[in-house]
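Student: Below are the sequence and a predicted model for it; my questions follow.
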Amino acid sequence: MRQVVIYPGEDEYWVAECPSLPGCISQGRTKEEAIANIREAIQGYVAVLQEDRLPVPPERFDTILLAV
């Protein structure tokens with residue numbers, strides 16, 4: 001299980017990134033598409049690390065929602 005941050009990008013696409021996997025970022029025209037794309041990106045990222053016999057970084061981020 002991984003935490004994902006999703007937010008609107010500058011080009012009207014939704015950006016999704018997984019902070020515990022550096023560089024694991026995707027996007028989509030809708031939130032749903034961005035979520036599906038980041039899920040696929042996470043699976044591919046982890047698969048490549050495992051193929052290369054490299055450690056998979058643990059999930060290490062806590063998130064809070066802060067209203068200012």
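Tutor: That came through fine. Numbering: from 1, shown residues only.
Student: which residue ranges form the helices in this structure?
Tutor: Taking DSSP state H, the helices of the chain run over residues 31-51.
Student: where in it is pLDDT low?
Tutor: The chain contains no residues with pLDDT under 70.
Student: make it 80
Tutor: For the chain, residues meeting the criterion pLDDT under 80 lie at 61-65.
Student: Name the residues of stretch 41-53 that are buried.
Tutor: 41-42, 45 (16 or more other C-beta atoms under 10 Å). Quick note: C-beta positions are derived from backbone N, CA and C, even for glycine.
Student: cool, stretch 57-67 as well?
Tutor: In terms of neighbour count (16+ other C-beta under 10 Å), stretch 57-67 has its buried residues at Pro57.
Student: thinking again about what came up before, tell me the one of the buried residues of stretch 41-53 nearest Asp62?
Tutor: Of all the buried residues of stretch 41-53, Asp62 sits closest to Ile42, with 18.4 Å by C-beta to C-beta.
Student: Pipe the buried residues of stretch 41-53 into CSV and attach distance to Glu33 per row.
Tutor: Shown next, in CSV, are the buried residues of stretch 41-53 (distance: C-beta to C-beta, whole Å):
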residue, distance to Glu33
Ala41, 12
Ile42, 15
Tyr45, 18
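Student: Closest to Leu66 out of those residues?
Tutor: Ile42 (25.3 Å).
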